[in-house]
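J.: Predicted structure and sequence below. I'll ask about it afterward.
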Amino acid sequence: MSHSSLQQPLTSHKGKPLSGTIRVPGDKSISHRSLMFGALALGTTRISGLLESEDVIGTANAMNAVGANCQRLDDGSWRVDGVGLGSLLEPQAPIDFGNAGTGVRLCMGIFASHPISVMMTGDSSLSGRPMGRVLNPLRQMGTAVIAREGDRLPAAIRGNNAPAAITYRVPMPSAQVKSAVLLAGLNTPGTTTVIEPVATRDHTEKMLQGFGAELSVEINEAGERVISLQGQPKLKAQDVIVPGDPSSAAFPIVAALITPGSDVTVENVLLNEHRTGLLTTLIEMGGDITITNRRESGGEEIGDIRVRTSNLKGIIVPAERAPSMIDEYPILAVAAAFAEGETKMLGLEELRVKESDRLAAVARGLEANNVPCVEGEDTLSVTGQAPQLGGGRVVTHLDHRIAMSFLVLGLAAEKPVEIDDGAPIATSFPSFTKLMEQLGGKIN
(Lines give C-alpha, C1' and ligand atoms only; values in the text may rest on other atoms or scores of the structure.)
Protein backbone atom coordinates (compact mmCIF):
# COMPACT_ATOMS: atom_id res chain seq x y z
CA MET A 1 0.00 0.00 0.00
CA SER A 2 2.87 2.44 0.58
CA HIS A 3 3.82 4.62 -2.32
CA SER A 4 6.59 3.55 -4.66
CA SER A 5 10.05 5.00 -4.00
CA LEU A 6 10.13 5.95 -7.69
CA GLN A 7 8.61 9.38 -8.12
CA GLN A 8 6.22 10.06 -10.98
CA PRO A 9 6.61 13.73 -12.02
CA LEU A 10 3.72 15.34 -13.90
CA THR A 11 3.44 18.65 -15.73
CA SER A 12 0.32 20.61 -16.62
CA HIS A 13 0.12 23.13 -19.46
CA LYS A 14 -2.11 26.02 -20.44
CA GLY A 15 -4.38 24.97 -23.29
CA LYS A 16 -7.87 25.21 -24.64
CA PRO A 17 -11.03 25.92 -22.61
CA LEU A 18 -12.36 23.12 -20.45
CA SER A 19 -15.79 21.81 -21.33
CA GLY A 20 -18.02 18.82 -20.76
CA THR A 21 -19.90 16.89 -18.11
CA ILE A 22 -18.17 14.52 -15.70
CA ARG A 23 -18.71 12.57 -12.50
CA VAL A 24 -16.03 12.44 -9.87
CA PRO A 25 -15.40 9.30 -7.79
CA GLY A 26 -17.41 8.53 -4.67
CA ASP A 27 -17.00 10.53 -1.49
CA LYS A 28 -13.98 9.37 0.49
CA SER A 29 -15.50 9.99 3.93
CA ILE A 30 -18.66 8.03 3.15
CA SER A 31 -16.69 5.27 1.40
CA HIS A 32 -14.50 4.65 4.46
CA ARG A 33 -17.48 4.59 6.78
CA SER A 34 -19.57 2.33 4.52
CA LEU A 35 -16.94 -0.39 4.74
CA MET A 36 -16.45 0.04 8.49
CA PHE A 37 -20.13 0.06 9.42
CA GLY A 38 -20.82 -2.80 7.03
CA ALA A 39 -18.14 -4.83 8.80
CA LEU A 40 -19.71 -4.08 12.21
CA ALA A 41 -23.27 -4.83 11.08
CA LEU A 42 -25.06 -8.15 10.93
CA GLY A 43 -25.78 -9.31 7.39
CA THR A 44 -24.55 -8.20 3.99
CA THR A 45 -24.07 -4.55 3.10
CA ARG A 46 -23.94 -3.62 -0.59
CA ILE A 47 -22.16 -0.44 -1.64
CA SER A 48 -22.51 1.29 -5.01
CA GLY A 49 -20.17 4.07 -6.10
CA LEU A 50 -17.42 3.26 -3.59
CA LEU A 51 -14.26 5.29 -4.11
CA GLU A 52 -11.69 2.70 -5.17
CA SER A 53 -8.64 4.66 -4.08
CA GLU A 54 -5.62 3.39 -2.18
CA ASP A 55 -6.91 4.89 1.06
CA VAL A 56 -10.32 3.23 0.83
CA ILE A 57 -8.95 -0.12 -0.36
CA GLY A 58 -6.74 0.04 2.72
CA THR A 59 -9.84 0.29 4.90
CA ALA A 60 -11.37 -2.69 3.10
CA ASN A 61 -8.19 -4.67 3.78
CA ALA A 62 -8.25 -3.62 7.44
CA MET A 63 -11.83 -4.82 7.84
CA ASN A 64 -10.92 -8.12 6.18
CA ALA A 65 -8.01 -8.46 8.61
CA VAL A 66 -10.40 -8.38 11.59
CA GLY A 67 -12.83 -10.95 10.21
CA ALA A 68 -15.20 -9.19 7.80
CA ASN A 69 -15.45 -10.07 4.11
CA CYS A 70 -15.17 -7.01 1.83
CA GLN A 71 -15.03 -7.82 -1.86
CA ARG A 72 -15.59 -6.08 -5.18
CA LEU A 73 -18.26 -7.66 -7.38
CA ASP A 74 -18.22 -7.98 -11.16
CA ASP A 75 -20.74 -5.14 -11.57
CA GLY A 76 -18.41 -2.71 -9.78
CA SER A 77 -20.33 -2.66 -6.52
CA TRP A 78 -18.93 -3.93 -3.23
CA ARG A 79 -20.22 -6.57 -0.84
CA VAL A 80 -19.43 -6.49 2.88
CA ASP A 81 -20.33 -9.50 5.00
CA GLY A 82 -20.31 -8.14 8.53
CA VAL A 83 -19.17 -9.96 11.64
CA GLY A 84 -21.38 -7.97 14.00
CA LEU A 85 -20.44 -5.48 16.69
CA GLY A 86 -18.27 -7.04 19.37
CA SER A 87 -17.12 -9.95 17.22
CA LEU A 88 -13.97 -8.62 15.56
CA LEU A 89 -11.07 -11.05 15.32
CA GLU A 90 -7.49 -10.26 16.23
CA PRO A 91 -5.49 -9.67 13.03
CA GLN A 92 -2.66 -12.08 12.32
CA ALA A 93 -0.26 -9.37 11.12
CA PRO A 94 0.22 -5.58 11.38
CA ILE A 95 -2.29 -3.56 9.36
CA ASP A 96 -0.69 -1.12 6.89
CA PHE A 97 -2.86 1.95 6.32
CA GLY A 98 -0.54 3.48 3.73
CA ASN A 99 -1.35 7.21 3.57
CA ALA A 100 -4.90 7.00 4.98
CA GLY A 101 -5.29 9.30 7.98
CA THR A 102 -9.06 8.84 8.05
CA GLY A 103 -8.75 5.06 7.83
CA VAL A 104 -6.27 4.66 10.66
CA ARG A 105 -7.86 7.18 13.05
CA LEU A 106 -11.39 5.81 12.68
CA CYS A 107 -10.17 2.22 12.94
CA MET A 108 -8.38 3.11 16.16
CA GLY A 109 -11.80 3.98 17.56
CA ILE A 110 -13.34 0.73 16.36
CA PHE A 111 -10.53 -1.45 17.70
CA ALA A 112 -10.36 0.43 21.03
CA SER A 113 -13.52 -1.15 22.48
CA HIS A 114 -12.90 -4.69 21.19
CA PRO A 115 -10.71 -7.05 23.23
CA ILE A 116 -8.11 -7.46 20.48
CA SER A 117 -4.53 -6.30 19.95
CA VAL A 118 -3.76 -4.50 16.70
CA MET A 119 -0.50 -3.14 15.34
CA MET A 120 -1.01 -0.28 12.87
CA THR A 121 1.57 1.06 10.43
CA GLY A 122 1.63 3.51 7.54
CA ASP A 123 3.85 5.13 4.94
CA SER A 124 6.40 7.84 5.79
CA SER A 125 3.80 10.61 5.51
CA LEU A 126 1.24 8.93 7.76
CA SER A 127 3.95 7.89 10.22
CA GLY A 128 4.87 11.53 10.66
CA ARG A 129 1.37 12.64 11.63
CA PRO A 130 0.37 12.97 15.32
CA MET A 131 -2.22 10.51 16.58
CA GLY A 132 -2.45 11.76 20.16
CA ARG A 133 -5.62 13.75 19.52
CA VAL A 134 -7.38 10.43 18.85
CA LEU A 135 -5.44 8.18 21.23
CA ASN A 136 -5.89 10.40 24.31
CA PRO A 137 -9.70 10.05 24.57
CA LEU A 138 -9.38 6.35 23.74
CA ARG A 139 -6.99 5.99 26.68
CA GLN A 140 -9.66 7.59 28.87
CA MET A 141 -12.00 4.78 27.78
CA GLY A 142 -9.48 2.17 28.94
CA THR A 143 -7.54 1.42 25.76
CA ALA A 144 -3.88 0.47 26.16
CA VAL A 145 -1.56 2.15 23.64
CA ILE A 146 2.08 1.70 22.70
CA ALA A 147 3.19 4.20 20.09
CA ARG A 148 6.31 5.83 18.73
CA GLU A 149 7.44 9.10 20.33
CA GLY A 150 4.85 11.81 19.90
CA ASP A 151 2.05 9.22 19.58
CA ARG A 152 3.05 8.45 16.01
CA LEU A 153 2.85 5.25 13.97
CA PRO A 154 3.67 2.45 14.22
CA ALA A 155 1.30 2.04 17.14
CA ALA A 156 -0.17 -0.95 18.94
CA ILE A 157 -3.49 -0.77 20.78
CA ARG A 158 -5.15 -3.28 23.03
CA GLY A 159 -8.89 -2.89 23.38
CA ASN A 160 -10.38 -3.12 26.85
CA ASN A 161 -12.64 -6.02 27.88
CA ALA A 162 -14.75 -3.50 29.81
CA PRO A 163 -14.41 -0.10 28.10
CA ALA A 164 -15.75 2.93 29.94
CA ALA A 165 -18.21 5.36 28.39
CA ILE A 166 -17.00 8.96 28.57
CA THR A 167 -18.19 12.49 27.87
CA TYR A 168 -15.58 14.14 25.68
CA ARG A 169 -15.33 17.74 24.56
CA VAL A 170 -13.41 17.84 21.29
CA PRO A 171 -10.63 20.42 21.78
CA MET A 172 -10.30 21.24 18.08
CA PRO A 173 -12.66 21.06 15.08
CA SER A 174 -11.98 17.49 13.92
CA ALA A 175 -14.46 15.05 12.45
CA GLN A 176 -11.86 12.30 12.82
CA VAL A 177 -11.51 12.77 16.58
CA LYS A 178 -15.28 12.98 17.06
CA SER A 179 -15.80 9.88 14.92
CA ALA A 180 -13.10 7.85 16.65
CA VAL A 181 -14.71 8.45 20.06
CA LEU A 182 -18.19 7.60 18.76
CA LEU A 183 -16.91 4.44 17.08
CA ALA A 184 -15.22 3.38 20.32
CA GLY A 185 -18.55 4.06 22.04
CA LEU A 186 -20.34 1.61 19.76
CA ASN A 187 -19.10 -1.43 21.69
CA THR A 188 -19.04 0.34 25.06
CA PRO A 189 -21.86 -0.15 27.61
CA GLY A 190 -23.73 3.01 28.52
CA THR A 191 -23.85 6.40 26.81
CA THR A 192 -20.83 7.92 25.09
CA THR A 193 -21.18 11.67 24.60
CA VAL A 194 -19.15 13.94 22.36
CA ILE A 195 -19.44 17.72 22.71
CA GLU A 196 -18.48 19.59 19.57
CA PRO A 197 -17.99 23.36 20.05
CA VAL A 198 -17.52 23.82 16.30
CA ALA A 199 -19.62 21.66 13.98
CA THR A 200 -17.71 19.40 11.57
CA ARG A 201 -18.84 17.00 8.85
CA ASP A 202 -21.55 14.76 10.22
CA HIS A 203 -21.34 11.64 8.05
CA THR A 204 -20.56 9.42 11.05
CA GLU A 205 -23.72 10.51 12.89
CA LYS A 206 -26.00 10.18 9.86
CA MET A 207 -24.62 6.81 8.79
CA LEU A 208 -24.68 5.33 12.29
CA GLN A 209 -28.35 6.23 12.52
CA GLY A 210 -28.90 4.67 9.11
CA PHE A 211 -27.29 1.42 10.28
CA GLY A 212 -29.53 1.32 13.34
CA ALA A 213 -27.56 2.97 16.13
CA GLU A 214 -29.42 4.91 18.81
CA LEU A 215 -27.83 8.33 18.43
CA SER A 216 -29.13 11.82 19.14
CA VAL A 217 -27.79 15.29 18.39
CA GLU A 218 -28.81 18.33 20.42
CA ILE A 219 -27.62 21.92 20.66
CA ASN A 220 -26.86 23.06 24.22
CA GLU A 221 -27.21 26.56 25.67
CA ALA A 222 -23.68 27.42 24.53
CA GLY A 223 -24.55 26.57 20.94
CA GLU A 224 -22.44 23.40 20.96
CA ARG A 225 -23.44 20.13 19.30
CA VAL A 226 -23.95 17.39 21.89
CA ILE A 227 -23.89 13.92 20.34
CA SER A 228 -25.04 11.02 22.50
CA LEU A 229 -24.63 7.39 21.48
CA GLN A 230 -26.12 4.39 23.28
CA GLY A 231 -23.57 1.59 23.32
CA GLN A 232 -23.85 -1.96 22.00
CA PRO A 233 -26.64 -1.57 19.44
CA LYS A 234 -27.38 -4.22 16.84
CA LEU A 235 -26.26 -2.63 13.61
CA LYS A 236 -28.11 -3.90 10.54
CA ALA A 237 -26.66 -4.22 7.04
CA GLN A 238 -27.70 -1.55 4.53
CA ASP A 239 -27.56 -0.75 0.83
CA VAL A 240 -25.35 2.33 0.44
CA ILE A 241 -25.07 4.57 -2.63
CA VAL A 242 -21.98 6.79 -2.35
CA PRO A 243 -22.38 10.26 -3.90
CA GLY A 244 -19.58 12.13 -5.66
CA ASP A 245 -16.86 13.54 -3.40
CA PRO A 246 -17.08 17.35 -3.09
CA SER A 247 -13.38 17.50 -2.21
CA SER A 248 -12.57 15.82 -5.53
CA ALA A 249 -15.12 17.94 -7.41
CA ALA A 250 -13.25 21.00 -6.15
CA PHE A 251 -10.44 20.47 -8.67
CA PRO A 252 -12.45 20.56 -11.92
CA ILE A 253 -14.63 23.32 -10.41
CA VAL A 254 -11.68 25.63 -9.80
CA ALA A 255 -10.05 24.61 -13.08
CA ALA A 256 -13.16 25.75 -14.95
CA LEU A 257 -13.34 29.03 -13.02
CA ILE A 258 -9.76 30.05 -13.89
CA THR A 259 -9.33 28.62 -17.41
CA PRO A 260 -10.68 31.14 -19.97
CA GLY A 261 -13.77 30.11 -21.92
CA SER A 262 -14.59 27.06 -19.78
CA ASP A 263 -18.02 25.56 -19.08
CA VAL A 264 -18.02 22.38 -16.97
CA THR A 265 -20.71 20.42 -15.15
CA VAL A 266 -19.90 17.99 -12.34
CA GLU A 267 -22.81 15.65 -11.68
CA ASN A 268 -23.98 13.81 -8.57
CA VAL A 269 -21.94 15.78 -6.01
CA LEU A 270 -22.56 15.50 -2.26
CA LEU A 271 -23.98 18.79 -0.91
CA ASN A 272 -23.85 18.09 2.83
CA GLU A 273 -23.95 21.48 4.57
CA HIS A 274 -20.74 20.66 6.43
CA ARG A 275 -18.88 20.12 3.14
CA THR A 276 -19.88 23.11 0.99
CA GLY A 277 -17.63 25.85 2.40
CA LEU A 278 -15.59 26.02 -0.80
CA LEU A 279 -18.66 26.56 -2.97
CA THR A 280 -19.82 29.34 -0.64
CA THR A 281 -16.38 30.96 -0.80
CA LEU A 282 -16.00 30.74 -4.58
CA ILE A 283 -19.47 32.25 -5.09
CA GLU A 284 -18.53 35.11 -2.73
CA MET A 285 -15.43 35.64 -4.89
CA GLY A 286 -17.67 36.05 -7.94
CA GLY A 287 -17.66 32.51 -9.26
CA ASP A 288 -20.35 31.64 -11.81
CA ILE A 289 -21.59 28.48 -10.09
CA THR A 290 -25.10 27.07 -10.29
CA ILE A 291 -26.48 23.96 -8.62
CA THR A 292 -29.28 22.06 -10.33
CA ASN A 293 -31.13 18.77 -9.94
CA ARG A 294 -30.99 18.87 -6.15
CA ARG A 295 -32.18 15.60 -4.67
CA GLU A 296 -31.79 13.39 -1.61
CA SER A 297 -30.17 9.97 -1.39
CA GLY A 298 -29.53 8.04 1.82
CA GLY A 299 -30.20 11.06 3.99
CA GLU A 300 -27.71 13.22 2.07
CA GLU A 301 -28.42 16.02 -0.41
CA ILE A 302 -26.74 15.72 -3.81
CA GLY A 303 -26.85 17.83 -6.96
CA ASP A 304 -25.18 18.80 -10.23
CA ILE A 305 -22.76 21.76 -10.26
CA ARG A 306 -22.26 23.88 -13.40
CA VAL A 307 -19.23 26.18 -13.47
CA ARG A 308 -18.21 28.81 -16.01
CA THR A 309 -15.06 30.93 -16.22
CA SER A 310 -15.33 33.93 -13.91
CA ASN A 311 -13.53 37.12 -12.92
CA LEU A 312 -12.76 36.32 -9.29
CA LYS A 313 -12.06 38.88 -6.58
CA GLY A 314 -10.14 38.44 -3.35
CA ILE A 315 -12.07 38.17 -0.08
CA ILE A 316 -11.48 37.36 3.58
CA VAL A 317 -12.39 33.73 4.33
CA PRO A 318 -13.52 33.56 8.00
CA ALA A 319 -12.03 31.07 10.43
CA GLU A 320 -15.42 29.61 11.30
CA ARG A 321 -15.75 28.33 7.75
CA ALA A 322 -12.63 26.17 7.99
CA PRO A 323 -14.30 22.94 9.22
CA SER A 324 -16.59 22.89 6.17
CA MET A 325 -13.72 23.19 3.68
CA ILE A 326 -10.58 22.06 5.52
CA ASP A 327 -9.42 19.84 2.64
CA GLU A 328 -10.11 22.50 0.02
CA TYR A 329 -7.72 25.26 1.07
CA PRO A 330 -4.92 24.17 -1.30
CA ILE A 331 -7.21 24.45 -4.33
CA LEU A 332 -8.77 27.66 -2.96
CA ALA A 333 -5.26 29.13 -2.86
CA VAL A 334 -4.96 28.31 -6.57
CA ALA A 335 -8.24 30.09 -7.28
CA ALA A 336 -6.96 33.05 -5.25
CA ALA A 337 -3.86 33.22 -7.46
CA PHE A 338 -6.14 34.23 -10.35
CA ALA A 339 -8.39 36.57 -8.35
CA GLU A 340 -8.12 40.34 -8.36
CA GLY A 341 -6.61 41.59 -5.11
CA GLU A 342 -5.84 39.75 -1.89
CA THR A 343 -7.55 36.66 -0.52
CA LYS A 344 -6.91 36.09 3.18
CA MET A 345 -7.73 32.71 4.74
CA LEU A 346 -8.05 32.49 8.52
CA GLY A 347 -8.15 29.65 11.05
CA LEU A 348 -5.90 27.21 9.17
CA GLU A 349 -4.05 25.57 12.08
CA GLU A 350 -5.55 22.17 11.20
CA LEU A 351 -3.65 22.25 7.89
CA ARG A 352 -0.41 21.80 9.82
CA VAL A 353 -1.29 18.17 10.69
CA LYS A 354 -2.68 16.88 7.39
CA GLU A 355 -0.91 14.55 4.92
CA SER A 356 1.83 17.19 4.96
CA ASP A 357 2.14 20.54 6.66
CA ARG A 358 -0.31 21.71 4.03
CA LEU A 359 -0.09 25.36 4.94
CA ALA A 360 3.67 25.43 4.39
CA ALA A 361 3.45 23.19 1.31
CA VAL A 362 0.87 25.46 -0.34
CA ALA A 363 2.90 28.58 0.40
CA ARG A 364 6.09 27.07 -1.02
CA GLY A 365 4.23 25.89 -4.12
CA LEU A 366 2.75 29.34 -4.69
CA GLU A 367 6.15 30.98 -4.26
CA ALA A 368 7.72 28.57 -6.73
CA ASN A 369 5.15 29.68 -9.31
CA ASN A 370 5.50 33.45 -8.80
CA VAL A 371 2.31 33.88 -6.77
CA PRO A 372 2.78 36.45 -3.97
CA CYS A 373 1.69 35.05 -0.61
CA VAL A 374 2.25 35.45 3.11
CA GLU A 375 2.16 32.40 5.38
CA GLY A 376 1.16 33.02 8.99
CA GLU A 377 0.94 30.56 11.86
CA ASP A 378 -2.69 29.83 11.02
CA THR A 379 -3.33 32.15 8.05
CA LEU A 380 -2.50 32.43 4.38
CA SER A 381 -2.78 35.56 2.25
CA VAL A 382 -2.59 35.27 -1.53
CA THR A 383 -2.35 38.21 -3.94
CA GLY A 384 -3.72 37.24 -7.32
CA GLN A 385 -3.17 38.08 -10.97
CA ALA A 386 0.62 38.43 -10.81
CA PRO A 387 2.22 38.41 -14.28
CA GLN A 388 3.89 35.24 -15.55
CA LEU A 389 2.28 32.74 -13.20
CA GLY A 390 3.67 29.22 -13.29
CA GLY A 391 7.01 27.89 -14.37
CA GLY A 392 7.81 26.27 -11.05
CA ARG A 393 8.40 22.80 -9.67
CA VAL A 394 6.28 21.89 -6.64
CA VAL A 395 7.32 19.50 -3.89
CA THR A 396 4.19 17.55 -2.98
CA HIS A 397 5.41 15.89 0.24
CA LEU A 398 3.38 12.77 -0.69
CA ASP A 399 0.22 14.88 -0.42
CA HIS A 400 -2.44 14.15 -3.03
CA ARG A 401 -4.22 17.49 -2.62
CA ILE A 402 -1.02 19.49 -3.07
CA ALA A 403 -0.32 17.49 -6.23
CA MET A 404 -3.74 18.02 -7.81
CA SER A 405 -4.02 21.67 -6.78
CA PHE A 406 -0.84 22.73 -8.52
CA LEU A 407 -1.62 20.69 -11.62
CA VAL A 408 -4.82 22.76 -11.81
CA LEU A 409 -2.71 25.92 -11.49
CA GLY A 410 -0.72 24.86 -14.53
CA LEU A 411 -3.85 24.49 -16.68
CA ALA A 412 -4.39 28.27 -16.56
CA ALA A 413 -0.92 29.70 -15.82
CA GLU A 414 1.26 31.32 -18.47
CA LYS A 415 4.02 28.79 -17.91
CA PRO A 416 3.75 25.01 -17.25
CA VAL A 417 3.73 23.75 -13.67
CA GLU A 418 5.56 20.57 -12.65
CA ILE A 419 4.92 18.49 -9.54
CA ASP A 420 7.61 16.18 -8.24
CA ASP A 421 5.33 13.18 -7.76
CA GLY A 422 1.86 12.37 -9.07
CA ALA A 423 1.69 8.93 -7.45
CA PRO A 424 -0.05 10.15 -4.25
CA ILE A 425 -3.06 11.24 -6.33
CA ALA A 426 -4.15 7.59 -6.33
CA THR A 427 -4.89 7.81 -2.61
CA SER A 428 -8.10 9.78 -3.23
CA PHE A 429 -8.74 10.48 -6.94
CA PRO A 430 -7.18 7.81 -9.19
CA SER A 431 -8.99 9.09 -12.31
CA PHE A 432 -8.00 12.74 -11.81
CA THR A 433 -5.65 13.05 -14.78
CA LYS A 434 -7.97 11.14 -17.10
CA LEU A 435 -11.00 13.26 -16.19
CA MET A 436 -9.13 16.55 -16.53
CA GLU A 437 -7.87 15.47 -19.96
CA GLN A 438 -11.44 14.45 -20.88
CA LEU A 439 -12.45 18.07 -20.22
CA GLY A 440 -9.61 19.33 -22.41
CA GLY A 441 -6.79 19.81 -19.91
CA LYS A 442 -3.21 18.96 -20.80
CA ILE A 443 -1.29 16.96 -18.18
CA ASN A 444 1.66 14.71 -18.95
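T.: In hand now; what should we look at?

J.: Domains of the chain: list them as residue ranges, please.
T.: Domains of the chain are assigned by automatic domain parsing as 10-26+243-443, 28-241.

J.: Mind putting those into TSV with mean neighbour count and mean pLDDT?
T.: Using the backbone N, CA and C atoms, a C-beta is placed for each residue, glycine as well. Shown next, in TSV, are these (neighbours: other Cβ atoms under 10 Å; pLDDT from 0 to 100):
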stretch	mean neighbour count	mean pLDDT
domain 10-26+243-443	21	96
domain 28-241	20	97
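
J.: if I pick A164, what's in contact with it?
T.: 140-142, 188, 190 (Cβ atoms under 8 Å, 6 or more residues apart in numbering).

J.: Settle this for me: D357 is touching E349, isn't it.
T.: No: between D357 and E349 there is no contact under Cβ atoms under 8 Å: 10.9 Å.

J.: mind listing the helices for the stretch 51-200 of the chain?
T.: Along the stretch 51-200 of the chain, counting by DSSP state H, counting those that start in this stretch, helices occupy 54-65, 101-112, 124-127, 132-140, 175-186.

J.: Between those helices, which one is closest to G299.
T.: Closest approach to G299 among these (Cβ to Cβ): helix 175-186, 16.4 Å.

J.: separation between A165 and V66?
T.: Noted for A165: a distance of 22 Å to V66, by Cβ to Cβ, to the nearest Å.

J.: Kindly apply the preceding question to R46 instead.
T.: 20 Å.

J.: Same question for R152.
T.: 22 Å.

J.: so D420 touches T396, yeah?
T.: Yes: between D420 and T396 there is a contact at 5.7 Å, judged by Cβ under 8 Å.

J.: Who are the contact partners of the residue nearest to N311 when sequence neighbours are not counted?
T.: Nearest residue to N311, sequence neighbours excluded (Cβ to Cβ, 6 or more residues apart in numbering): G286, at 6.0 Å. By Cβ under 8 Å, 6+ apart, G286 lies in contact with 310-313.

J.: Looking at the residues you listed, which are in helices?
T.: Using DSSP state H, no member of the contacts of G286 sits in helices.

J.: Pick the one among the residues you listed closest to G390.
T.: Using Cβ to Cβ, L312 is the member of those that lies nearest G390, at 17.2 Å.

J.: residue with max distance from the center of this protein?
T.: P387 (33.0 Å; Cα atoms, centre = their mean).

J.: who are the neighbours in contact with it?
T.: Contacts of P387 by Cβ under 8 Å, 6+ apart are 370, 414.

J.: Figure out which of the helices of the stretch 51-200 of the chain is closest to R364.
T.: Nearest of the helices of the stretch 51-200 of the chain (Cβ to Cβ): helix 124-127, 16.1 Å.

J.: Pull up the gap between the closest residue in space to S431 that isn't next to it in sequence and P243, please.
T.: Excluding the flanking residues, the one nearest S431 by Cβ to Cβ, 6+ apart is P25, at 6.3 Å. Between P25 and P243 the computed distance is 10 Å (Cβ to Cβ).
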